[in-house]
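Student: Here is a sequence with its predicted model. Questions after.
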Amino acid sequence: MTSATLWTVQALLAFLFLFAGGMKLIVPVEVMMAQMPLKLSGMFVHFIGCCEVAGALGLVLPGLTHVRRQLTPLAAWALVLEMVGATVYTLLGGGGAGALFPLVVGLLCAAVASGRRSYFATA
């Protein structure tokens, strides 16, 4: 992948995770629970939201500021792990086709992590 393609994917993923994580932090837990096929604790939903916001920032800020750039692939791999969990959660909740979205997002995060592995060489 070219650098411009990676930056585009990173920006789109950062926007997605910032929005999704922010919603998990802002929307009342009761409203979130009504939309979930399997119930999770409110604290866990807030934890996931914090992880998504931190991951979104980790996808773009290190590269933009040129400070600790090796955090970008680490953030991307952490988001891959989260998307694996989201895919399994969706499948367990009975959403076979719905599991495709977190799977694709996880694959895009893996592509970013792989494409930015050169950041470790410049650490």
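Tutor: Alright, I've got the coordinates. Numbers count the residues shown, from 1 in each chain.

Student: This structure: helices as residue ranges?
Tutor: 3-26, 29-35, 42-65, 71-92, 100-115 (DSSP state H).

Student: Was I right to think residue 80 contacts residue 112?
Tutor: No: judged on C-beta atoms under 8 Å, residue 80 makes no contact with residue 112 at a distance of 9.1 Å. C-beta coordinates here come from the backbone N, C-alpha and C atoms, glycine included.

Student: Looking only at neighbour counts, state which of those two leads.
Tutor: residue 112 (26 against 20; other C-beta atoms under 10 Å).

Student: From residue 76, how far out is the more buried one?
Tutor: Using C-beta to C-beta, to the nearest Å, residue 112 is found at 4 Å from residue 76.

Student: and for those two, which residues touch both?
Tutor: residue 59 (C-beta atoms under 8 Å, 6 or more residues apart in numbering).

Student: rewinding a little: specify the stretch among the helices of the chain that is closest to residue 121.
Tutor: With C-beta to C-beta as the criterion, residue 121 lies closest to helix 71-92 of those, at 11.2 Å.

Student: Now do the least confident helix or strand in the chain by mean pLDDT: which elements does it pack against?
Tutor: Among the helical and strand segments of the chain, the one scoring lowest on mean pLDDT, DSSP states H and E is helix 29-35, with a mean of 87. The helices and strands touching helix 29-35, judged by 3 or more C-beta pairs under 8 Å, 6 or more residues apart in numbering; DSSP states H and E, are helix 42-65.
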